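J.: Just a sequence and a predicted model for now, questions to come.
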Amino acid sequence: MGIADYLDLLPSLKQAETQMNMTYLLGSLYYTQLGEYGEKYFIDPKVETFLRAFQQRLDEIGILIDERNSSRPTFYNFW
């Protein structure tokens, strides 16, 4: 396999730039837990009611997932 064959395997310069830009963009995001926001993140006080309801529902879903996972067979239990 020659150098020309190797270069044919690589994406075009435009495609490589697009991939690098997308990787940089996604890598620069700061991920937090769903529904968790810092103090005074939202200016509108009407958001508080909806946010609390959303967070409560997320907590309920988390409890349900934990309950289901506690009775879920694991891979090593099959052997």
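T.: Right, received. Where do you want to start?

J.: Low-confidence ranges, the protein, go.
T.: Residues of the chain that meet the criterion pLDDT under 70 lie in 75-79.

J.: Tell me which stretches of it form helices.
T.: If you assign secondary structure with DSSP state H, the helices in the chain sit at 3-9, 13-27, 47-70.

J.: Which among the ones you listed is found nearest to residue 36?
T.: Nearest of these to residue 36, taken as Cβ to Cβ: helix 47-70 at 7.9 Å. Any C-beta I mention is one placed from the backbone N, CA and C, and that applies to glycine too.

J.: Need the contact partners of the closest one.
T.: Under the criterion Cβ atoms under 8 Å, 6 or more residues apart in numbering, residues 34-37, 42 lie in contact with helix 47-70.

J.: Reformat the residues you listed as TSV; add neighbour count and distance to residue 66.
T.: What follows is those, written out as TSV (neighbours: other Cβ atoms under 10 Å; distance: Cβ to Cβ, whole Å):
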residue	neighbour count	distance to residue 66
34	10	16
35	13	16
36	9	18
37	12	23
42	12	28
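
J.: could you dump these to CSV with distance to residue 74?
T.: CSV is the format used below for these (distance: Cβ to Cβ, whole Å):
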residue, distance to residue 74
34, 25
35, 28
36, 29
37, 34
42, 40
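
J.: end-to-end on stretch 37-57?
T.: Start-to-end span of stretch 37-57 (Cα to Cα, to the nearest Å) is 16 Å.

J.: Output the helices of the chain as TSV; include the columns mean neighbour count.
T.: Shown next, in TSV, are the helices of the chain (neighbours: other Cβ atoms under 10 Å):
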stretch	mean neighbour count
helix 3-9	8
helix 13-27	10
helix 47-70	11
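
J.: Cool, thanks, signing off.
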